[in-house]
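1. What would the 3D arrangement of this be:
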Amino acid sequence: MNNGDQRRLNGEIEEDEEDEENNDGLAAWERAYADERSWESLQEDESGLLRPIDNQSLHHAQYRRRLRAATTARIQKGLIRYLYIVIDLSKAASEMDFRPSRMGVVAKHVEAFIREYFYQNPLSQVGLVTIKDGVSHILTDLGGSPESHVKALMGKLECSGDASLQNALDLVQGYLDQIPSYGHREVLIMYSALSTCDPGDIMGTIQKCKKSKIRCSVIGLSAEIFICKHLCQETGGSYYIALDESHLKDLILEHAPPPPAIAEFAIANLIKMGFPQRAAESSVAICSCHKEAKVGDGYTCPRCKARVCELPTECRICGLTLISSPHLARSYHHLFPIVPFDEVSMSLYSDQQNKLPKACFGCQQSVLGPGNKPGLRVACPKLPGIQRYQPQMKEDEVLLSWNCLCYPLRN
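-> You can find the predicted model right below:
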């Protein structure tokens, strides 16, 4: 080997060592993104074959955490919520500590949150506000259409300038102050910056929000900031810092169920609502929402006979709240939560004296997993019947037993 080849090999070895040193200097989350080690996410089953890591243990832990948080006491909750989601689109949102960026991750999970929010709160409304260049902008007004909010959000994903928390609070406080007393006023702020560039005294703005009974919550993507913590403490909201993307998703979805109503603000009111009829397919009318002539699709307000496109909404002509009976029934379960099911130990199945059912009461599938592996099984505390826990189902679907549906009929 000549000297040139030896120098070339030494150079390659030195470059490899430099790359390893660079990787060692990265943070844990950076190394996870730098080299996608997909082979590390594999495990061996009983026969020695490779299979993906089973995430059921994670889902089971989340299920048990929900059971611990559940309470049988009836807590008054707000069924009609008015929520503004404030999204920080300052230059701090373009940081790439989340993949591909903070802005991209926030937009994806806000979209999922909006759909889940309307699924659990069909009588509520959402509005979007963005912060950039020290100014806050109304992206969408309060409304009950998830598609319109998602479409508007995905079309305005640009980052620039500084963030101004005071301007955002002043803007949403002006809109939420006009909400009727029966509506629960909330603000959820997705904050990426480490500072706020405000034109005045933000402490006075926080007191105005507190006086207007607005619950402000903040989810931070960088580090804890005193002014955000003070805002949440004064208004009764929550303040958390997202550690990673999965943690961010959990923090956002925690705001989907209605929070307990504050005792001094929980005032009972009678609200007039209308149940409109669906328009005939061949009928032609001008939609009061979009000011356009539409054929067929739509609903007719029972008070003023105006046409609206979707439910739930508020009639643009007479102001009557228009809903359908399924929307009202879906909101009802927040007032009377399902009793937590009892977890069934798999050791009981090995005991010959216990004659437990071998099939799920709901889906009639075997309660024993592949290879007779133990898994999470739950039973209704009112009537006997074992149910399998399926992580892909929603919480209210998992905990709703056919036994519970039949229980009032049998008594």
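2. for residue 230, helix, strand, or coil?
-> helix (DSSP: H, G, I helix; E, B strand; the rest coil).
3. Check residue 255 too.
-> For residue 255, the secondary structure call by three-state DSSP comes out as coil.
4. That one touches residue 116, doesn't it?
-> No: contact status for residue 255 versus residue 116: not in contact, 9.5 Å apart, counting by Cβ atoms under 8 Å. For the C-beta atoms, the positions are set from N, CA and C on the backbone; glycine is no exception.
5. Looking at those two, which has the bigger crowd around it?
-> residue 255 (20 against 17; other Cβ atoms under 10 Å).
6. distance of that one from residue 316?
-> Counting by Cβ to Cβ, to the nearest Å, the separation of residue 255 from residue 316 is 28 Å.
7. ditto for residue 152
-> Going from residue 152 to residue 316 by Cβ to Cβ gives 19 Å.
8. What residues are bridge-paired with residue 219?
-> Here residue 219 sits in beta bridges with residue 190, residue 240, going by DSSP bridges.
9. Need the pLDDT of it.
-> The per-residue pLDDT reported for residue 219 equals 97.
10. What residues does it make contact with?
-> Residues in contact with residue 219 (Cβ atoms under 8 Å, 6 or more residues apart in numbering) are 188, 189, 190, 191, 239, 240, 241, 242, 248, 251, 252.
11. how about these in a markdown table, adding neighbour count, pLDDT and distance to residue 202?
-> Shown next, in a markdown table, are the contacts of residue 219 (neighbours: other Cβ atoms under 10 Å; pLDDT from 0 to 100; distance: Cβ to Cβ, whole Å):
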| residue | neighbour count | pLDDT | distance to residue 202 |
| --- | --- | --- | --- |
| 188 | 23 | 97 | 18 |
| 189 | 26 | 97 | 13 |
| 190 | 28 | 96 | 18 |
| 191 | 27 | 96 | 13 |
| 239 | 19 | 96 | 15 |
| 240 | 17 | 95 | 20 |
| 241 | 17 | 95 | 20 |
| 242 | 22 | 93 | 23 |
| 248 | 23 | 93 | 25 |
| 251 | 21 | 92 | 23 |
| 252 | 23 | 94 | 24 |
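12. Dump these into JSON lines; add distance to residue 199 as well.
-> Converted to JSON lines, the contacts of residue 219 look like this (distance: Cβ to Cβ, whole Å):
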{"residue": "188", "distance to residue 199": "23"}
{"residue": "189", "distance to residue 199": "18"}
{"residue": "190", "distance to residue 199": "22"}
{"residue": "191", "distance to residue 199": "18"}
{"residue": "239", "distance to residue 199": "23"}
{"residue": "240", "distance to residue 199": "28"}
{"residue": "241", "distance to residue 199": "27"}
{"residue": "242", "distance to residue 199": "28"}
{"residue": "248", "distance to residue 199": "30"}
{"residue": "251", "distance to residue 199": "29"}
{"residue": "252", "distance to residue 199": "29"}
